[in-house]
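K.L.:
Compute the structure for the input listed below.
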Amino acid sequence: MKQVSDVRDPNEQTVAEKLRGHFNGLTRAERQLAVSLLANYPVSGLGSVSELAKLANVSGPTVVRMAQKIGFAGFSELQAALRSEVEETISNPISKQERWTSNAPDTHILNRFADAVIDNLKQTLQQLNTQDFDHAVRLLTDRERAVHIVGGRITRALSDYFFTHLQVIRDDVIAIASNSNTWPHYLLNMKPGDVVVVFDIRRYEHDILRFVDLARERGAVVIVFTDQWTSPAAVNAEYVFNARIEAPSAWDSSVVIMFILEAMIEAMTTSTWDVTRERMNTLEKLFDKTKMFSKSS
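P.N.:
Sure thing, here's the model as predicted:
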């Protein structure tokens, strides 16, 4: 029987990625099991075979067969992979740095980093659902819906970037302040059908999870940008975009999430160009009046 290494290969697919990749080849019962496992991932897979089978309303042998079908020797190996993933999601920068440096090749950091980022991008694009991408773009360009954007300690830079561009493309875009004590004020003005865009990567933030729960109670539609292990906030999301974030560093890489955001910004710009062009013209005039940018003589 194959053994799961204590140190997980960063290029290895997560259990969730394997489930999504094999989903179309699963039987009806196996699909039902996969959906149940992904709905409360990875917690639902950490119990016994009988507990998972009962949760998904399938038989025990179905659990074992599905594990084998997606590439594991059996359920125990799938479960060991899940436990390894849980350890990955709570890794701090010190442990990540020590793990990478202990096995670092002799090539320059630029080359190592480029290789990791390119591989992250390729693996993410293989998993990304283009229909979900298109649906998210339509939601975000629906001017009947306000868009609320929130990020965490590290991902706030991504939320600010997305907010700045959406402000140009459309009106009624709200950047949620970083101080969670003010969040009830934002929730107060949230209407059913509004869109909430959330950025949350490991180590997942409790405040983000609570905010998403409350936003769903208000009737908001949630879009989550997260990592390959998936933020707990995704449970309440209509659309989830998983991006690979591991890099030869103490820090996680946001390159692939930024790639998805920039592609989404362009899709939104193109689909609303007539209106967006007018907004851009108005904004340029305002820039001229405020002399925000220097102009060459």
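K.L.:
Check the most centrally placed residue in the chain and give its pLDDT.
P.N.:
Centroid check for the chain by CA atoms, centre = their mean gives Thr226 as the closest residue, at 2.0 Å. For Thr226, the model assigns a pLDDT of 94.
K.L.:
Quick check: it touching Phe241?
P.N.:
Yes. Under the criterion of CB atoms under 8 Å, Thr226 makes contact with Phe241 at 7.3 Å. For every residue, glycine as well, the C-beta is placed using N, CA and C.
K.L.:
Surely Trp55 touches Ala39?
P.N.:
Careful, residue 55 is Leu; it's not Trp. No. The pair Leu55 and Ala39 fails to qualify as a contact (CB under 8 Å) at a distance of 9.3 Å.
K.L.:
With neighbour numbers in mind, choose between these two.
P.N.:
Leu55 (17 against 12; other CB atoms under 10 Å).
K.L.:
element containing that one?
P.N.:
Per DSSP states H and E, Leu55 falls inside helix 49-56.
K.L.:
Okay, buried residues for stretch 173-183 please.
P.N.:
Val173, Ile174, Ala175, Ile176, Trp183 (16 or more other CB atoms under 10 Å).
K.L.:
Kindly report the same for stretch 112-119.
P.N.:
Arg112, Phe113, Ala116, Val117, Asp119.
K.L.:
cool, and stretch 262-274?
P.N.:
Buried residues in stretch 262-274 (16+ other CB under 10 Å): Met264, Ile265, Ala267, Met268, Thr269, Thr272.
K.L.:
Closest one of those to Glu205?
P.N.:
Nearest to Glu205 among the buried residues of stretch 262-274 is Met264, at 22.5 Å by CB to CB.
K.L.:
Show the contacting residues for the closest one.
P.N.:
Phe133, Ala136, Val137, Leu140 (CB atoms under 8 Å, 6 or more residues apart in numbering).
K.L.:
Would you mind writing the ChimeraX command to select the buried ones in those?
P.N.:
Restricted to buried positions by 16+ other CB under 10 Å, the ChimeraX selection for the contacts of Met264 reads:
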select :136,137,140
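K.L.:
Dump the contacts of Met264 into TSV; add pLDDT, distance to Met258 and secondary structure as well.
P.N.:
As requested, the contacts of Met264 are arranged in TSV below (pLDDT from 0 to 100; distance: CB to CB, whole Å; DSSP: H, G, I helix; E, B strand; the rest coil):
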residue	pLDDT	distance to Met258	secondary structure
Phe133	97	15	helix
Ala136	98	16	helix
Val137	98	17	helix
Leu140	98	16	helix
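K.L.:
do you know how far Val86 is from Glu238?
P.N.:
25 Å (CB to CB, to the nearest Å).
K.L.:
Okay, and which of the buried residues of stretch 112-119 map to helices?
P.N.:
When DSSP state H defines the helices, the subset of the buried residues of stretch 112-119 inside them is Arg112, Phe113, Ala116, Val117, Asp119.
K.L.:
nearest to Phe287, of the residues you listed?
P.N.:
The closest of these, once distances to Phe287 are taken by CB to CB, is Val117, at 33.2 Å.
K.L.:
Skipping adjacent residues, who's closest to that closest one in space?
P.N.:
The shortest distance from Val117 to any non-neighbouring residue, by CB to CB, 6 or more residues apart in numbering, is to Val255 (4.9 Å).
K.L.:
For stretch 56-65, give the mean pLDDT please.
P.N.:
95.
K.L.:
Next, the angle helix 49-56 makes with the helix or strand hosting Val86.
P.N.:
Here Val86, judged by DSSP H and E, is contained in helix 75-89. When axes from the mean of the first three to the mean of the last three CA atoms, to 10 degrees is applied, the directions of helix 75-89 and helix 49-56 differ by 80 degrees.
K.L.:
Do you have the strands of the stretch 101-250 of the chain handy? List them.
P.N.:
147-150, 173-175, 195-199, 221-226, 239-242 (DSSP state E, counting those that start in this stretch).
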